[in-house]
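S.K.: Provided below for reference: sequence and predicted model.
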Amino acid sequence: MASTPETRMVYPVFPGNTNHYDTLFGGQVMAWMDQAAFICATRWCRQKVVTAHSSAIDFHHPIPVGTIVELVAQVVKVGRSSMTVQVELWVEGMRHAERKLACQGSFVLVAVDENQRPVPVPPIEQQK
């Protein structure tokens, strides 16, 4: 049975994850977004899932070192074996609560069995 269509993950932005401009590497952003989508899809169907597709990832603002990011991943569409997960990355300062949407993207994950064959997932209507 489906669990929750939303997952939240929080990370601090440390110097080891930033570039020479002291902003978060784009590759790190994409990895965190894919992880959030993976956890969200896994919690939705409670099966093995793999990333099948990522849509355009839009970067709206730089993410500076010394900030906090929160990723909000939500199942927005469900097919027979696939789940579309929308991921937003919000950035906020360590010393103030002002938040802004820094990045967003969409991922499609597919539930698979032990032979890597697609298996059905719960429809989104079961969430309510």
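M.R.: Sure thing, it's come through.

S.K.: for Ala36, report the pLDDT, please.
M.R.: At Ala36 the predicted local distance difference test score is 98.

S.K.: gap between Gln74 and Met30?
M.R.: Using C-beta to C-beta, to the nearest Å, Gln74 is found at 18 Å from Met30. (C-beta placed from N, C-alpha, C; glycine too.)

S.K.: what's the answer for Gly66, then?
M.R.: 21 Å.

S.K.: more neighbours, these two?
M.R.: Remark: of Gly66 and Met30, Met30 carries more neighbours, 18 against 13, as counted by other C-beta atoms under 10 Å.

S.K.: the more buried one should be in a strand, yeah?
M.R.: No - in this structure, Met30 is helix, not part of a strand, as judged by DSSP: H, G, I helix; E, B strand; the rest coil.

S.K.: my guess is it contacts Ile57. True?
M.R.: Yes - between Met30 and Ile57 there is a contact at 6.0 Å, judged by C-beta atoms under 8 Å.

S.K.: between these two, what contacts are shared?
M.R.: Taking C-beta atoms under 8 Å, 6 or more residues apart in numbering as the contact rule, Met30 and Ile57 both touch Gly105.

S.K.: can you pull out the helices in the chain?
M.R.: For the chain, the helices defined by DSSP state H cover 26-45.
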